[in-house]
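J.: Next one to model:
(one chain, ligands or ions: 2)
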Amino acid sequence: SLNALKPYMSSRELGKLARIRDCSLVEWIRQVVEHLKPSSIFINTGSEEDLDYIRRRAVENKEEYVSSYNQLHTVHFDGVRDLARDRGNTKIMTGKGVKIPLVNSGEREELKKEVWEIYRDIMRGKEMFIGFYCFGPRGSPFTLYGVQVTDSAYVVHSENILYRVCYDEFTRNDRIEYMRFLHSSGERDENGWSKNISKRRIYIDPEEMITYSVNTQYAGNTVGLKKLSLRLCVYKGFREGWLCEHMFIIGMKGSGDRVAYFTGAFPAGCGKTSTALIADLVVGDDLAIIRNVDGVARAVNPEVGMFGIIDGVNPVDDAEIYKILTSRTSEVIFANVLYTEDGDVWWNGKEGAPKPGVNYAGEWWPGKRDENGNPIPPSHPNARFTTSIFYLSRVDPRINDPMGVPVSGMIFGGRDSDTWVPVEEAFDWFHGIVTKGASLESERTTAVLGQAGVREFNPFAILDFLSISPGAFIDLHFRFARELSQSPKVYGVNYFLRGEDGRFLTEKVDKRVWLRWMEKRVHGELDAVETPTGYIPIYSDLVDLFNKELGKEFPESLYEKLFTVRVKQHLDKIERIWRIYAEIPDTPALFFSILKEEKQR
Ligand code: SPV
Ligand code: MN
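T.: Numbering: from 1, shown residues only. Ligands and ions are numbered 1, 2, ... in the order given. Sure, this is the predicted structure:
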């Protein structure tokens, strides 16, 4: 295989590839190369020199533009039709006739044939980059490995920030099990955007642990180790009896050196990032691998970077992230923001008025209007930043612990104006998994004051990333807990309750009080009020916590508004959730009996 690759590689690059111990990996690379036909190949070993080379190539390829204020700040544009994950064209590859409830899937052989046809000669005249990564800390039994093959320097650059480069592991060991990610941006137009959007495909093969992505640049579709590996990881965990979750991992400090760790799943726009950043310690902001270690659930963050929404990030509400994004020494890739005429970046939320520049639509801003006559904003609502998690002052050094952190509680955060209380503890793991995790919903729109928006079902906040049936995913959580000596507690939170006037009843900072309450609960320090749907805080405890944490009063009238059990809304919700799972054949019977009990209570 190496010999066949000679024409594509300098002797230096060939030398790097020759050190890879797994012959079948090199053989796969040969097959890919002969089909996609890149003009050259670069191997990323993670050395400073290689990392620099990739940053430089991203700029030379016009995938990134350098800020004139910081050489390590770059701007990337995905293209105006390529600004988000493509649900419709993302498919899980399955065997013949296999359908996964609520998951977009297709037959493996057919999809493979289709995507390989699209790949034919697609890298002609382009450089291929090959990167080796760890999806987790080094030397950890939690860690998965991944090999990225792409023609996008932006993709490898992102991965160099978001993951640990682990080339050396592949040179030492020929028995690594690894995921493979094959990506091509495809032909690019004069803006540098993927041109053949109608041939955009994201196909995921959990059996062979390989993902295919083509004619797209948006990181959620292309950065293999992000959401593509999440789907592979979910599947592997399902087979092996552990959990791969779309969850942050945070720590809350208590008295002495006591720390309680929580993982948390929130659908987009429900406060996931802001909860992670308000905590005492951050281990992860997006993904968690949770395994049973000697009867204890322990969690590892497979990532070391953040791919966060930048829209609205401002110096008052998001001081820490803002500081990182404007620092002279941080490395950041800004995606789909405004690249101003003086080479600076500007996004909605940044201090000061934006200077004119090029926006995500490839237009000079301010300038053109969209087809409805509205001005095109300077930066896109899904504009993003990619940066290292180690810039956070409260990053927990245990992010590198090969055995992860013990999980005391699992938090599920919904967005509804009228059902869930701000914080509630489930009666036990099973009750929590059913009524909090598996029942998670988020209001899509709250545009009309006082009126409930459309509720989107999003179990465990992972619906978009499931490679197995939601019923099987619930069953996995049941199985997982049965082997533990003590299950984590399960919490539901809701930051979006509204009063009769349509205004939010809680403030952003109140999250700290709910987190503090959970921290004290897992240590058995506080009693609670038992309600039909779970345990809620006692009023006097909250008076105390509001005072200590935020120096705020907490009036009893507010307590009553917040912690009323809204019976009709709960019954409606149970009805909605029941109807969804009634259509999912492998939903465990226990799920329905727990839901029925809740209804009766
Ligand atoms: C999410 O949508 O949950 C994200 C961004 O974290 S993406 O990588 O696009 O999935
Ligand atoms: Mn996410």
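
J.: which stretch of helix or strand covers Arg479?
T.: Assigned by DSSP states H and E, Arg479 belongs to helix 470-482.

J.: should've said Leu102
T.: Per DSSP H and E, there is no helix or strand for Leu102.

J.: and what of the one 4 residues further on?
T.: Here Gly106, judged by DSSP H and E, is contained in strand 105-107.

J.: Quick check: mean pLDDT of that strand?
T.: Averaging pLDDT along strand 105-107 gives 98.

J.: Provide the strand pairings for it, with the direction of each partner.
T.: Here strand 105-107 has these sheet partners by DSSP bridges: strand 90-94 (parallel).

J.: what's the span of stretch 326-345 from first residue to last?
T.: Stretch 326-345 has an end-to-end distance of 9 Å (criterion: Cα to Cα, to the nearest Å).

J.: one step back: show me what the strand holding Gly106 is in contact with.
T.: The contact list for strand 105-107 (Cβ atoms under 8 Å, 6 or more residues apart in numbering) reads 91-99, 203. Every C-beta, even on glycine, is put in place using the N, C-alpha and C of the backbone.

J.: Look up which residues are beta-bridged to Val405.
T.: Counting by DSSP bridges, Val405 is bridged to Ala299.

J.: who's in contact with the residue nearest the centre of the chain?
T.: Note on the chain: the residue nearest the mean C-alpha position is Asp286, at 4.1 Å, using Cα atoms, centre = their mean. Going by Cβ under 8 Å, 6+ apart, Asp286 touches 246-248, 272, 303, 306-307.

J.: what does Phe591 give?
T.: When contacts are counted by Cβ under 8 Å, 6+ apart, Phe591 touches 434, 438, 471, 474, 581.

J.: Spell out which helix or strand contains it, please.
T.: Taking DSSP H and E as the definition, Phe591 sits inside helix 589-600.

J.: Provide the angle between the direction of that helix and the direction of helix 470-482.
T.: Between the axes of helix 589-600 and helix 470-482, defined by axes from the mean of the first three to the mean of the last three Cα atoms, to 10 degrees, the angle is 90 degrees.

J.: I'd guessed Tyr212 sits against Ser184; true?
T.: No. Taking contacts as Cβ atoms under 8 Å, Tyr212 lies outside contact range of Ser184: 9.3 Å.

J.: For the two, list the residues in contact with both.
T.: Common contact partners of Tyr212 and Ser184 (Cβ under 8 Å, 6+ apart): Tyr119.

J.: Is Trp517 in contact with Val543, as I believe?
T.: No. Judged on Cβ under 8 Å, Trp517 makes no contact with Val543 at a distance of 11.9 Å.

J.: and the two? which has more neighbours close in?
T.: Trp517 (25 against 17; other Cβ atoms under 10 Å).

J.: where do the helices sit along the stretch 501-601 of the chain?
T.: Secondary structure of the stretch 501-601 of the chain, counting by DSSP state H, counting those that start in this stretch: helices at 511-522, 539-545, 556-562, 567-582, 589-600.

J.: quick one: which of these is nearest Arg85?
T.: Nearest of these to Arg85, taken as Cβ to Cβ: helix 567-582 at 21.7 Å.

J.: Could you list the buried residues of that closest one?
T.: Using 16 or more other Cβ atoms under 10 Å as the test for burial, helix 567-582 gives 569-570, 573-574, 577-578, 580-581.

J.: and what of stretch 134-144?
T.: Residues of stretch 134-144 classed as buried by neighbour count (16+ other Cβ under 10 Å): 134-137, 140, 142-144.

J.: Next: stretch 403-423.
T.: Quick answer for stretch 403-423 (16+ other Cβ under 10 Å): 403-405, 407-423.

J.: Which ones among those residues also lie next to ligand 1?
T.: Among these, none lies close to ligand 1 by the criterion of Cβ under 6 Å from any ligand atom.

J.: now, which of the residues you listed lie within strands?
T.: The strands in this structure, assigned by DSSP state E, contain 405, 409-414, 423 from the buried residues of stretch 403-423.

J.: Could you dump those residues into TSV and include pLDDT?
T.: Listed next are those as TSV, based on pLDDT from 0 to 100:
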residue	pLDDT
Val405	98
Gly409	98
Met410	98
Ile411	98
Phe412	98
Gly413	96
Gly414	91
Val423	98
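
J.: can you count the residues close to Gly352?
T.: Based on other Cβ under 10 Å, the number of other residues close to Gly352 is 7.

J.: And Val165, by the same measure?
T.: Neighbours around Val165, by other Cβ under 10 Å: 19.

J.: Could you find the closest non-adjacent residue to it?
T.: In space, Val165 comes closest to Gly46 once its chain neighbours are excluded; the distance is 3.1 Å by Cβ to Cβ, 6 or more residues apart in numbering.

J.: residues contacting the one you found?
T.: Going by Cβ under 8 Å, 6+ apart, Gly46 touches 132, 160, 165-168.

J.: Just the endpoints, please. Distance across stretch 416-426?
T.: Counting by Cα to Cα, you get 18 Å between the two ends of stretch 416-426.

J.: hmm, back to that, just give me the closest of the buried residues of helix 567-582 to ligand 1.
T.: Looking at the buried residues of helix 567-582 and their distance to ligand 1, the nearest is Ile580, at 20.8 Å (Cβ to the nearest ligand atom).

J.: and Asn382, how many residues sit next to it?
T.: For Asn382, the count of nearby residues is 18 (other Cβ under 10 Å).

J.: let me fix that: Lys62
T.: A count of nearby residues for Lys62, using other Cβ under 10 Å, gives 13.

J.: Confirm for me that it is in contact with Trp193.
T.: No. Because the distance of 10.4 Å does not satisfy Cβ under 8 Å, Lys62 is recorded as not touching Trp193.

J.: And the strands in the stretch 51-200 of the chain?
T.: Secondary structure of the stretch 51-200 of the chain (DSSP state E, counting those that start in this stretch): strands located at 65-66, 73-76, 90-94, 105-107, 127-135, 144-150, 164-165, 178-184.

J.: typed the wrong thing, it's the stretch 351-500 of the chain
T.: According to DSSP E, counting those that start in this stretch, the strands that the stretch 351-500 of the chain contains are 357-358, 364-365, 384-388, 405-406, 409-414, 423-425, 441-443, 455-457, 489-494.

J.: how about the buried residues of helix 567-582 in CSV, adding distance to ligand 1?
T.: Below are the buried residues of helix 567-582 laid out as CSV (distance: Cβ to the nearest ligand atom, whole Å):
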residue, distance to ligand 1
Gln569, 26
His570, 27
Lys573, 23
Ile574, 27
Ile577, 22
Trp578, 27
Ile580, 21
Tyr581, 23
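
J.: Could you dump those into a markdown table and include pLDDT?
T.: Conversion of those to a markdown table gives the following (pLDDT from 0 to 100):
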| residue | pLDDT |
| --- | --- |
| Gln569 | 97 |
| His570 | 97 |
| Lys573 | 97 |
| Ile574 | 98 |
| Ile577 | 98 |
| Trp578 | 98 |
| Ile580 | 98 |
| Tyr581 | 98 |
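
J.: Now the closest residue to ligand 1 within the stretch 1-150 of the chain: phi and psi?
T.: Residue nearest to ligand 1 within the stretch 1-150 of the chain (Cβ to the nearest ligand atom): Arg85, separated by 4.9 Å. Per-residue torsions, Arg85: phi -60, psi 140 (degrees, to the nearest 10).

J.: Please work out how many residues are found near it.
T.: Neighbours of Arg85 using other Cβ under 10 Å come to 17.

J.: For this structure, which residues are neighbours of ligand 1?
T.: 85, 219-220, 226-227, 268, 286, 307.

J.: ok, the nearest residue to Phe412 once chain neighbours are set aside - contacts?
T.: Nearest residue to Phe412, sequence neighbours excluded (Cβ to Cβ, 6+ apart): Lys436, at 4.2 Å. Lys436 is in contact with 412, 426, 490-492, counting by Cβ under 8 Å, 6+ apart.
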